[in-house]
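In: Make a model of this:
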Amino acid sequence: MPGVWDGLSARLAAQAGFATVFVSGYAASGTLLGLPDYGYLTQAEMADVARRVVAAVPECAVVVDVDTGYGNPLNVIRTVELAESAGAAGIFLEDQVWPKRCGHMAGKRVVEREEWLAKLRAALDRRHRLFVVARTDARAAIGLDEACERARAAAGLGVDAVFVEAPESVAEMEAVAKAVPGVVLVANMVEAGRTPLLNPAELHELGFDLVVSPVTGLFAAAKALQAAYRLLHEAGTLRDRLELLTGFEEFGEMVGLPGHRLTEERYTR
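Out: Predicted coordinates for the structure are as follows:
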């Protein structure tokens, strides 16, 4: 699941061949607000991003990062309702203290285990069709043993998948898989993050079959934008570096312009 943050990034992921995309809170915070993933995004803002992504790629399943559910179990219930009304196929619900921060940043804290499990129960009770992923950040906040205990407890509730965030070695990933055998496990592949970067075949061998690459597109886009804007500022034009840019007609194809022209013609003949 590649990370996306708006209609364009979602369309490009779909055009690349992905059938499922992930609305990344990290990416949404960076692009929507220009701020780090530090708990600034609100419940309503994430729901709006999800709604736009779903509308842009109706052919894809859209899984949404809903952070901690934005409060207590009552807030989680509303979060579930908003995600379903947006057309999302699934959610990730974590156990950090709010305001949370990116799972690969230092200084994370988690709530008591039972508080998180209560939120998961609320999500499972009120969902109609959402795929619910239980994410724990306890590895960094407390330790691997507690993360595995939380993974087992979440699996016992009947969640659809378990996500232990930021294991720091293959050995730790093996320990997670051993702790919850027979459960769908999530691997979070963050470039330059804390977890070893592995390909899907390598992850499958370890027992991880739901793979998220939440920031690949964001980091690529940010680097390209930074280079283009710097060059534009320095030279005043990119006329000698057009290879850095998507062509006008090519971009029209990306956003479905030919189909819109056909629709327009149908009603203006």
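
In: Could you list the buried residues of stretch 83-96?
Out: Ala83, Glu84, Ala86, Ala88, Ala89, Gly90, Ile91, Phe92, Leu93, Glu94, Asp95, Gln96 (16 or more other CB atoms under 10 Å). Just so you know, the C-beta spots here come from the backbone N, C-alpha and C atoms, and that holds for glycine as well.

In: Same check on stretch 221-238?
Out: By 16+ other CB under 10 Å, the buried positions in stretch 221-238 come out as Ala221.

In: What segments of the stretch 51-200 of the chain are helices?
Out: With helices called from DSSP state H, counting those that start in this stretch, the stretch 51-200 of the chain shows them at 73-86, 113-126, 138-141, 144-157, 170-179, 200-206.

In: Identify whichever of these lies nearest to Glu249.
Out: Nearest to Glu249, of all these, is helix 73-86, at 32.1 Å by CB to CB.

In: Any idea how far that closest one is from the middle of the chain?
Out: Relative to its parent chain, helix 73-86 has a centroid offset of 17 Å by CA atoms, centre = their mean, to the nearest Å.

In: Kindly report the same for stretch 10-20.
Out: 14 Å.

In: cool, and stretch 79-89?
Out: 15 Å.

In: who touches the nearest residue to Met105 once chain neighbours are set aside in this structure?
Out: Counting by CB to CB, 6 or more residues apart in numbering, Asp37 is the residue found nearest to Met105 once chain neighbours are left out, at 7.6 Å. Going by CB atoms under 8 Å, 6 or more residues apart in numbering, Asp37 touches Gly25, Tyr26, Ser29, Gly30, Lys100, Arg101, Cys102, Met105.

In: between those residues, which has the most around it?
Out: Neighbour counts for those were taken using other CB atoms under 10 Å; the highest belongs to Gly25, with 27 neighbours.

In: so that one makes contact with Val63?
Out: No: distance between Gly25 and Val63: 11.7 Å, which falls outside the contact criterion (CB atoms under 8 Å).

In: just to revisit the earlier point, the buried residues of stretch 83-96 into CSV, with extra columns for distance to Val170?
Out: Output for the buried residues of stretch 83-96, formatted as CSV (distance: CB to CB, whole Å):
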residue, distance to Val170
Ala83, 33
Glu84, 36
Ala86, 36
Ala88, 32
Ala89, 30
Gly90, 26
Ile91, 28
Phe92, 23
Leu93, 26
Glu94, 23
Asp95, 24
Gln96, 25
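
In: Pick the most deeply packed of the helices of the stretch 51-200 of the chain.
Out: Greatest average neighbour count among these goes to helix 138-141 (a mean of 24), per mean count of other CB atoms under 10 Å.

In: low-scoring stretches of the stretch 51-200 of the chain, by residue?
Out: Along the stretch 51-200 of the chain, segments meeting pLDDT under 70 span 103.

In: Can you classify the closest residue to Arg241 other than its chain neighbours by secondary structure?
Out: In this structure, Arg241 finds its nearest non-sequential neighbour in Leu231, 6.2 Å apart by CB to CB, 6+ apart. Following DSSP: H, G, I helix; E, B strand; the rest coil, we place Leu231 in the helix state.
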